[in-house]
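Asker: Please find the sequence and the predicted model below.
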Amino acid sequence: MNQSLSPRQRADLLVKQMTLDEKISQIHMMDVREHPREVAGIPRLGIPPFKVTNGPLGAGPGDSRAPQPATALPAALGLGASWDPALASAFGRIAGQEVADRGEDLIEGPGVNIARVPRNGRNFEYFSEDPFLSGKMGAAEVEAIQKQGVIAEVKHFTANNQETNRKTINEVIDERTLREIYLPAFETVVKEAKPGAVMAAYPSVNGEFCSENTHLLKDILRGEWGFQGFVQSDYTGTGNAAHAGNAGLDLAMKPNHYSGEMKEAITNGQISEATVNEMVACRFTEMFQYGMFDKPRMPKPIPAKEDGAIARSISEQCAVLLKNSGDILPLNAKAIHTIAVIGPYAGAADTGGGGSSAVKPIYTVTPLEGIKSRVDTNVTVTYDAGSDPAAAAAAAKSADIAIVMVGDKDSEGKDRPNLSLPNNQDALIAAVAAANPKTIVVLKTGGAVLMPWLNQVPAVLEAWYPGEEDGNVVADLLFGDVDPSGRLPVTFPVAESEVPAHSPEQYPGVNGTATYSEKLDVGYRWYDAKNEMPLFPFGFGLSYTTFKMSDLSVSDYSDKTGVRVGFDVTNTGQREGAEVAQVYVAAPQNAGEPPKQLKGFAKVKLNPKQTRHVTIHLDARAFSIWNVSSHRWALAPGQHEIFVGTSSRRLPLHSVVMISSSR
């Protein structure tokens with residue numbers, strides 16, 4: 001308890017005082033009704049209980065049988081759509097503080113897996129299809145969580161990209177693809193934010209379960225990246241005790257293998273007690289680091305009103321305006337007399353998807369309530385749940401404006417059967433649009449969906465899963481109190497067949513194996529490589545104002561400072577708003593890279609007619625590839641093209657930079 005010693009020194013001293021049985025009690029959770037997601041304390045040594053809760057959409061339920069309430073924040077994919085690390089920090093601060101307020105020690109989040117498969121039921125828990133964007137957002141969130149004295153646990157390491165057969169699937173991923181697509185977001189978070197914990201994923205990668213994968217957990221995570229925290233399993237993700245312990249899995253969520261089996265493995269010499277000592281010391285070090293031995297948790301009420309207001313602000317900056325023909329949005333509340341609010345996602349707040357991330361909200365605001373509170377009392381607002389398209393069309397026909405709210409309920413444990421909106425919602429939209437030409441569609445989805453009705457409606461707003469403030473968020477956006485400044489973090493395809501992993505061998509896999517044969521061409525990279533035009537490209541989003549980019553300057557490359565990309569962004573419209581400036585790099589053709597890749601971005605908030613000069617630094621990694629011969633990153637020599645714009649398909653500014661060697 002000598003606070004002048006380092007956390008690691010204190011942890012080592014503590015482990016020396018423990019019996020073998022006590023050590024084993026500290027490498028798994030109890031997993032009993034009274035103590036869910038909790039490692040037992042040891043009173044004789046002053047070791048407090050260690051309490052874990054779910055993420056990554058806020059302070060999760062903790063105990064699924066008696067969920068603890070918290071602020072239901074927007075979905076992580078929505079947060080990714082904000083393209084704003086400052087918002088990720090605000091998100092992390094709320095999530096971390098509420099975990100602390102409830103007397104818990106670790107939040108299982110953020111998730112930074114790549115949205116490889118649009119049908120993945122868990123994409124809503126992740127940031128994007130791009131490792132650069134996901135890494136920057138994840139690092140900002142982790143840093144903010146841990147400033148609250150709570151351990152952040154980045155997950156699911158690695159390549160947890162489908163829910164179908166997630167516990168048994170073997171993913172065959174070549175070395176370069178693993179290094180350039182599926183590992184970099186984790187690498188960025190580990191190196192920049194130093195999370196206290198990492199969760200190992202369920203699947204196998206190249207024949208070894210992630211929880212028993214020495215190459216991933218020891219060689220890369222600890223050896224190359226310098227990770228100092230502890231590695232935890234997913235819920236039932238621990239197999240053979242000795243294999244997992246020797247590979248670097250420090251904490252199991254269930255006692256099954258890490259209790260009696262572990263003791264027997266030590267006795268039989270399959271794993272050393274010194275290894276178990278290290279497993280325990282890694283977690284204790286983080287607990288000492290965050291004051292869990294020195295300052296006992298004192299639960300206190302969550303400031304619901306204050307945190308809800310922040311959740312509302314975050315969610316409003318996540319929504320993406322996909323279509324706005326004739327500038328029908330924002331709505332003019334003074335010019336409208338009747339509004340028909342229609343659809344299965346209009347009557348209740350959409351607080352998230354299903355599974356372990358489902359936050360029990362402290363309160364909710366329904367879309368119907370939000371819209372009614374935004375208009376004068378003399379405006380008639382009608383509601384139809386949309387179960388009968390003909391009845392909904394009749395309700396819409398006599399209204400000045402029809403607002404149709406549709407969506408899905410993606411969930412952990414299962415993938416979507418297809419990319420269509422479920423439960424006949426496409427027919428609902430088509431029927432309402434036929435009855436009222438002023439039909440606005442609000443999507444609340446966990447990822448990309450098909451839109452066969454797109455040409456029938458003048459406006460589409462993607463709100464993702466907005467969280468507990470759903471109604472206020474949607475109303476603020478539709479009536480223009482807030483400019484929609486989100487941009488797509490995933491590509492929306494035109495058709496089911498037009499996705500990168502489109503064969504059974506790629507997804508969901510054949511005979512227990514999913515082969516990542518698309519290699520580096522994930523998300524927008526694939527559409528660019530195939531010259532396919534998606535429905536909406538990665539990075540796309542409209543605004544209630546207009547922007548222009550100009551005056552690009554690109555410095556020469558320097559080993560010390562990389563490349564400096566400078567340009568002006570001007571708000572050319574009549575109201576304030578925010579644009580996301582995106583920088584893509586195209587490697588020399590002989591480098592074998594995708595046509596271009598995101599390497600920098602900045603969200604720029606501007607008043608009408610205001611211009612701001614933006615500078616984005618590209619480091620050596622932006623011009624490097626993974627060399628499979630030397631097993632390291634190497635600069636790709638030759639001419640690299642620099643593109644700047646507002647989506648992967650709208651890049652008006654262009655320049656080049658030369659890299660002279662492949663050091």
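Answerer: Received it, and whenever you're ready, just let me know what you need.
Asker: Residues in contact with the lowest-mean-pLDDT helix or strand in the chain: which ones?
Answerer: When each helix and strand of the chain is scored by mean pLDDT, DSSP states H and E, helix 255-256 comes last, with a mean of 91. Contact with helix 255-256 is made by His28, Met29, Met30, Asp31, Thr236, Thr238, as judged by C-beta atoms under 8 Å, 6 or more residues apart in numbering. Yep, even glycine has a C-beta here, placed from its N, CA and C like the rest.
Asker: so what's the residue nearest to the last one when sequence neighbours are not counted bridging to?
Answerer: Distance criterion C-beta to C-beta, 6 or more residues apart in numbering; nearest residue to Thr238, sequence neighbours excluded, is Ala252 at 4.2 Å. Note on Ala252: beta-bridge partners by DSSP bridges are His28.
Asker: show me what contacts Ala252?
Answerer: Ala252 sits next to Ile27, His28, Met29, Gln232, Ser233, Thr238, Ala244, Tyr258 when contact means C-beta under 8 Å, 6+ apart.
Asker: Could you dump the residues you listed into a markdown table with pLDDT added?
Answerer: Shown next, in a markdown table, are the contacts of Ala252 (pLDDT from 0 to 100):
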| residue | pLDDT |
| --- | --- |
| Ile27 | 98 |
| His28 | 97 |
| Met29 | 96 |
| Gln232 | 98 |
| Ser233 | 97 |
| Thr238 | 94 |
| Ala244 | 97 |
| Tyr258 | 96 |
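Asker: Can I get stretch 401-414 as CSV, trimmed to CA atoms?
Answerer: C-alpha atoms of stretch 401-414 as CSV (Å, rounded to 0.1, in the frame of the first residue of the first chain):
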residue,chain,number,x,y,z
ILE,A,401,-45.6,16.4,-44.6
ALA,A,402,-45.2,12.7,-44.0
ILE,A,403,-42.3,11.5,-41.8
VAL,A,404,-41.7,7.8,-42.0
MET,A,405,-39.3,6.3,-39.4
VAL,A,406,-38.1,2.8,-40.3
GLY,A,407,-35.2,0.7,-39.2
ASP,A,408,-33.8,-2.6,-37.9
LYS,A,409,-32.8,-4.2,-34.6
ASP,A,410,-29.3,-5.6,-35.2
SER,A,411,-28.0,-7.8,-32.4
GLU,A,412,-25.1,-9.7,-31.1
GLY,A,413,-25.3,-13.4,-31.8
LYS,A,414,-26.8,-13.2,-35.2
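Asker: Now do the buried residues in it.
Answerer: For stretch 401-414, burial by neighbour count (16 or more other C-beta atoms under 10 Å) applies to 401-412, 414.
Asker: same question for that stretch, mean pLDDT?
Answerer: Mean pLDDT, stretch 401-414: 97.
Asker: Now which of the contacts of helix 255-256 would you call buried?
Answerer: By 16+ other C-beta under 10 Å, the contacts of helix 255-256 give His28, Met29, Met30, Asp31, Thr238 as buried.
Asker: Nearest to Ala90 among the contacts of Ala252?
Answerer: Distances from Ala90 to the contacts of Ala252, taken as C-beta to C-beta, are shortest for Gln232 (25.9 Å).
Asker: Touching, the closest one and Gly248? I think so.
Answerer: No. The pair Gln232 / Gly248 is not scored as a contact, 11.1 Å apart, by C-beta atoms under 8 Å.
Asker: Closest one of the contacts of helix 255-256 to Pro85?
Answerer: Closest to Pro85, out of all of the contacts of helix 255-256 and judged by C-beta to C-beta, is Met29, at 32.0 Å.
Asker: So that closest one sits against Val52, correct?
Answerer: Yes. Counting by C-beta under 8 Å, Met29 does reach Val52; the two are 7.0 Å apart.
Asker: Give me the common contacts of those two.
Answerer: Joint contacts of Met29 and Val52 (C-beta under 8 Å, 6+ apart) are Arg37, Glu38, Val39, Met253.
Asker: and the second one, what are its bridge partners?
Answerer: Just to be clear, that refers to Glu38. Lys51.
Asker: what number of residues lie near it?
Answerer: 20 (other C-beta atoms under 10 Å).
Asker: low pLDDT regions in this structure?
Answerer: Along the chain, segments meeting pLDDT under 70 span 64, 662-663.
Asker: domains for it, by residue range?
Answerer: Domain assignment of the chain by automatic domain parsing yields the ranges 7-289, 316-478, 545-659.
Asker: And those: which comes nearest His502?
Answerer: Of all those, domain 7-289 comes closest under C-beta to C-beta, at 9.8 Å.
Asker: How far away from the center of its chain is the closest one?
Answerer: 15 Å (C-alpha atoms, centre = their mean, to the nearest Å).
Asker: Could you work out the end-to-end span of it for me?
Answerer: 6 Å (C-alpha to C-alpha, to the nearest Å).
Asker: Would you state the strands of the stretch 401-550 of the chain in chain order?
Answerer: Along the stretch 401-550 of the chain, the segments classed as strands by DSSP state E, counting those that start in this stretch run 401-407, 439-444, 459-462, 513-515, 547-554.
Asker: and if you look at the stretch 551-663 of the chain?
Answerer: Counting by DSSP E, counting those that start in this stretch, the strands of the stretch 551-663 of the chain are 563-571, 577-586, 597-606, 611-618, 624-627, 632-635, 638-645, 653-659.
Asker: if we can go back for a sec, would you convert the domains of the chain into JSON lines that also reports distance to Thr491?
Answerer: Compiled in JSON lines, the domains of the chain are given as follows (distance: least, C-beta to C-beta, whole Å):
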{"stretch": "domain 7-289", "distance to Thr491": "7"}
{"stretch": "domain 316-478", "distance to Thr491": "7"}
{"stretch": "domain 545-659", "distance to Thr491": "8"}
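Asker: which one of those lies closest to Ile302?
Answerer: Distance to Ile302, taken as C-beta to C-beta, is lowest for domain 7-289 among the domains of the chain, at 5.0 Å.
Asker: Show me which of the contacts of helix 255-256 is closest to Leu635.
Answerer: Nearest to Leu635 among the contacts of helix 255-256, with distances taken as C-beta to C-beta, is Thr238, at 40.4 Å.
Asker: ok, that closest one - contacts?
Answerer: Thr238 neighbours (C-beta under 8 Å, 6+ apart): Ser211, Ala244, Leu249, Ala252, Met253, Lys254, Asn256, His257, Tyr258.
Asker: buried subset of the residues you listed?
Answerer: For the contacts of Thr238, buried by 16+ other C-beta under 10 Å: Ser211, Ala244, Leu249, Ala252, Met253, Lys254, His257, Tyr258.
Asker: Show me which of those residues is closest to Ala88.
Answerer: Taking C-beta to C-beta as the measure, Met253 is the one of the buried ones among the contacts of Thr238 closest to Ala88, at 25.9 Å.
Asker: pretty sure that closest one is in contact with Pro36, am I right?
Answerer: No. Met253 is not in contact with Pro36 according to C-beta under 8 Å; the separation is 10.0 Å.
Asker: Quick check: the closest residue to Tyr524 other than its chain neighbours vs Arg487, distance?
Answerer: By the measure of C-beta to C-beta, 6+ apart, the closest residue to Tyr524 outside its immediate chain neighbours is Phe538, 3.8 Å from it. Using C-beta to C-beta, to the nearest Å, we find Phe538 at a distance of 9 Å from Arg487.
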